[in-house]
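**Q** kindly return the folded structure for what I paste below:
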Amino acid sequence: MRNITVLSGGMGGARFLQGLLHGIARGSLPGVSPDAAVTVVANTADDIWVHGLKVCPDLDTVMYTLGDGIDPERGWGRREETWSVRTELAAYGVEPTWFGLGDRDVATHLVRTQMLDAGYPLSQVTEALCRRWLEPLEGPPVRLLPMTDDRVETHVAIADPDSPSGRRVVHFQEYWVRLRAQVPAETVVVVGLEESTPGPGVIDAITDADLVVLPPSNPVVSVGTILGVPRVREAVAATRAPVVGLSPIVGGTHVRGMAEQMLTSIGVEVSAAGVGLHYGARAEGGVLDGWLVDERDADQVPALTGAGLACRAVPLMMTDPDATAAMAAAAIRLVAG
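**A** Below you'll find the predicted structure:
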């Protein structure tokens with residue numbers, strides 16, 4: 001295998017990518033060439049405009065994580081961050097005060113917004129930003145692609161007894177950052193998704209891959225939105241490469257994030273088997289050939305294999321790069337011919 005494509009969200013996808021690259025560099029992934037290249041197709045439906053700046057949380061989390069600029073405790077934003085701009089904006093009463101841009105992080109958003117205003121598409125802007133973060137890396141080459149250059153935004157409907165309709169719709173970031181996903185999500189609405197087109201290189205990255213991976217990212221608002229871009233799901237279903245996924249649900253809940261709330265909003269069982277069956281086997285019209293679940297969910301393997309998926313239970317906690325590389329190796333062994 002020389003070309004691996006990963007459909008990634010933010011924190012979970014970025015940490016999986018760290019382990020994948022670690023495994024390639026160490027030569028511990030079966031059948032993977034030491035000069036293998038990794039292409040990341042990242043979710044952009046979490047994007048938001050804040051204080052006139054274009055913020056792309058998942059693109060930036062992947063970029064900062066792989067470029068060793070991420071804050072390791074938070075899992076997002078820059079390490080050694082300061083917050084003077086946020087403090088001053090709050091002192092002026094400028095909203096939103098719940099979404100804070102760090103002083104280091106704001107530089108990325110300024111450059112991105114200036115390039116977008118100059119007419120460059122998001123894919124070219126991302127390529128330019130990655131020259132700083134990804135090109136200098138030692139080890140396997142990495143290419144980061146936005147799922148689309150079009151504006152796509154995820155919104156969440158929540159109950160609101162003060163609204164005439166009994167509900168209101170908030171941007172995904174407000175649901176996650178301000179509300180901390182602590183209120184039930186009634187519906188997920190991805191504005192602009194059906195009218196979007198795949199970003200440059202996205203379809204080729206899937207159809208020309210030797211392996212396609214769905215990491216333990218949110219199956220609804222990360223991987224789900226990538227697959228929702230027209231032609232992307234069809235490309236995954238048709239690629240000659242094996243397609244393998246890793247469950248974001250361990251022991252009946254998400255490890256981090258809000259997969260439980262999002263799955264509930266679309267009526268999918270919150271379990272390793274529920275997510276695997278939601279993606280479905282390619283032989284049955286889905287997108288997967290194989291699905292890894294955690295050892296704690298080993299009792300769900302028969303239901304998955306019965307639905308046409310190769311399945312195995314292995315440790316799925318990304319505690320360090322070695323453990324994550326072992327997960328990647330298990331995924332490859334599961335679907336290798």
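
**Q** what about the helices in the stretch 51-200 of the chain?
**A** For the stretch 51-200 of the chain, the helices defined by DSSP state H, counting those that start in this stretch cover 57-66, 84-92, 105-117, 122-133, 172-173.

**Q** other residues contacting the longest one?
**A** When you say that, I think you mean helix 105-117. With Cβ atoms under 8 Å, 6 or more residues apart in numbering as the test, helix 105-117 has contacts from 50, 52-56, 60, 77-78, 81, 85, 101, 122, 124-125, 128-129. In this view, the C-beta of every residue, glycine as well, is placed from N, C-alpha and C.

**Q** go again using 10 Å as the cut-off
**A** 49-56, 59-60, 63-64, 69, 71, 76-78, 81, 83-86, 100-102, 120-122, 124-126, 128-129, 132-133, 149 (Cβ atoms under 10 Å, 6 or more residues apart in numbering).

**Q** what distance separates it from the centre of its chain?
**A** 21 Å (Cα atoms, centre = their mean, to the nearest Å).

**Q** list the buried residues for that helix?
**A** Going by neighbour count (16 or more other Cβ atoms under 10 Å), the buried part of helix 105-117 is Asp105, Val106, Thr108, His109, Arg112, Thr113, Met115, Leu116.

**Q** reformat those as TSV; add pLDDT and distance to Ile24.
**A** As requested, these are exported to TSV (pLDDT from 0 to 100; distance: Cβ to Cβ, whole Å):
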residue	pLDDT	distance to Ile24
Asp105	97	28
Val106	96	33
Thr108	97	26
His109	98	31
Arg112	98	29
Thr113	98	34
Met115	98	31
Leu116	98	33
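
**Q** dump those to a markdown table, plus distance to Pro315.
**A** Output for those, formatted as a markdown table (distance: Cβ to Cβ, whole Å):
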| residue | distance to Pro315 |
| --- | --- |
| Asp105 | 33 |
| Val106 | 38 |
| Thr108 | 34 |
| His109 | 37 |
| Arg112 | 37 |
| Thr113 | 42 |
| Met115 | 42 |
| Leu116 | 42 |
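
**Q** and of the residues you listed, the nearest to Val255?
**A** Distance to Val255, by Cβ to Cβ, is smallest for Asp105 among the buried residues of helix 105-117, at 24.5 Å.

**Q** ok so, going back, can you list the helices of the stretch 51-200 of the chain in TSV and add distance to Val287?
**A** Below are the helices of the stretch 51-200 of the chain laid out as TSV (distance: least, Cβ to Cβ, whole Å):
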stretch	distance to Val287
helix 57-66	19
helix 84-92	40
helix 105-117	30
helix 122-133	23
helix 172-173	23
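
**Q** contacting residues around the closest residue to Val287 other than its chain neighbours?
**A** Leaving aside its sequence neighbours, Val287 sits nearest to Val236 (Cβ to Cβ, 6 or more residues apart in numbering; 4.7 Å). By Cβ under 10 Å, 6+ apart, the residues touching Val236 are 5, 7, 41, 203, 206-207, 209, 212, 214, 226-227, 243, 279, 282, 286-288.

**Q** which ones among the residues you listed lie within strands?
**A** Mapping those onto strands (DSSP state E) picks out Thr5, Leu7, Val41, Val212, Leu214, Val243.

**Q** put the buried members of those into a PyMOL selection.
**A** A single PyMOL command selects the buried members of the ones in strands among the contacts of Val236 (16+ other Cβ under 10 Å):
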select buried, resi 5+7+41+212+214+243
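
**Q** quick check: the two most widely separated of the ones in strands among the contacts of Val236?
**A** Val41 and Val243 (12.9 Å).

**Q** got any residues that touch both of the two?
**A** Joint contacts of Val41 and Val243 (Cβ under 10 Å, 6+ apart) are Thr5, Leu7, Ile206, Val212, Val236.

**Q** what separates stretch 27-39 from the chain centre, distance-wise?
**A** Its chain's average C-alpha position is 21 Å from that of stretch 27-39, according to Cα atoms, centre = their mean.

**Q** buried ones in it?
**A** Under 16+ other Cβ under 10 Å, the buried positions of stretch 27-39 are Leu29, Val32, Ala36, Ala37, Val38, Thr39.

**Q** nearest to Phe16, out of these: which one, please.
**A** Once Cβ to Cβ is applied, the member of those that ends up nearest Phe16 is Val38, at 10.9 Å.

**Q** ok, that closest one - contacts?
**A** Taking Cβ under 10 Å, 6+ apart, one finds 3-6, 17, 20-21, 24, 32, 66, 139-144, 205, 209, 211, 213 in contact with Val38.

**Q** list the contacts for Thr61?
**A** Counted by Cβ under 10 Å, 6+ apart, Thr61 has contacts 8-15, 42, 46, 70, 74-77.
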